[in-house]
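Colleague: give me the fold of what follows.
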Amino acid sequence: MATFFFFGKYTREALKELSSDRTKKAEALIEKFGGKVHSMYALFGEKDLVFILEFPSPQEAMKVSIALTKLTGILFSTSPAITVDEFDKLMRDV
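Modeller: Sure, this is the predicted structure:
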């Protein structure tokens, strides 16, 4: 499983629909596509949310990024991530 950071930005329409029910629906959608939720945070600043998720492949992460936007109206940008230990191992060969 690979780790992905989903950064969310609320639209005006998305703010109107804030609810714990919508969060539960988002979590169910993530699981439907084989994902696992590590954590979800609300933020101050340029982005409003960050979800730390795991997926079997980038294809599932991409599907969920679009599906979450369709479900919630929140605009998501998605970035793959690796641990610093994994990064250090990769850089040994560079």
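
Colleague: got the residue ranges for the strands in this structure?
Modeller: Along the chain, counting by DSSP state E, strands occupy 2-9, 36-42, 49-55, 75-81.

Colleague: quick one: the ones you listed as JSON lines, columns for distance to Met91, mean neighbour count and mean pLDDT too.
Modeller: The way it works is simple: take the backbone N, C-alpha and C, and place the C-beta from them, glycine included. JSON lines is the format used below for the strands of the chain (distance: least, Cβ to Cβ, whole Å; neighbours: other Cβ atoms under 10 Å; pLDDT from 0 to 100):
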{"stretch": "strand 2-9", "distance to Met91": "18", "mean neighbour count": "19", "mean pLDDT": "97"}
{"stretch": "strand 36-42", "distance to Met91": "24", "mean neighbour count": "12", "mean pLDDT": "97"}
{"stretch": "strand 49-55", "distance to Met91": "23", "mean neighbour count": "19", "mean pLDDT": "98"}
{"stretch": "strand 75-81", "distance to Met91": "15", "mean neighbour count": "14", "mean pLDDT": "96"}
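
Colleague: in a markdown table: these, plus distance to Val94.
Modeller: Formatted as a markdown table, those follow (distance: least, Cβ to Cβ, whole Å):
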| stretch | distance to Val94 |
| --- | --- |
| strand 2-9 | 21 |
| strand 36-42 | 28 |
| strand 49-55 | 26 |
| strand 75-81 | 18 |
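
Colleague: so Lys25 touches Lys70, yeah?
Modeller: No: contact criterion Cβ atoms under 8 Å: Lys25 and Lys70 do not qualify, at 11.4 Å.

Colleague: who's more crowded, the two?
Modeller: Here Lys25 and Lys70 are compared on neighbour count by other Cβ atoms under 10 Å; more neighbours surround Lys25, at 14 against 8.

Colleague: what sits closest to the more buried one if chain neighbours are left out?
Modeller: Leu71 (6.3 Å; Cβ to Cβ, 6 or more residues apart in numbering).

Colleague: neighbours around that neighbour, how many?
Modeller: Neighbours of Leu71 using other Cβ under 10 Å come to 15.

Colleague: any idea how far Glu17 is from it?
Modeller: 10 Å (Cβ to Cβ, to the nearest Å).
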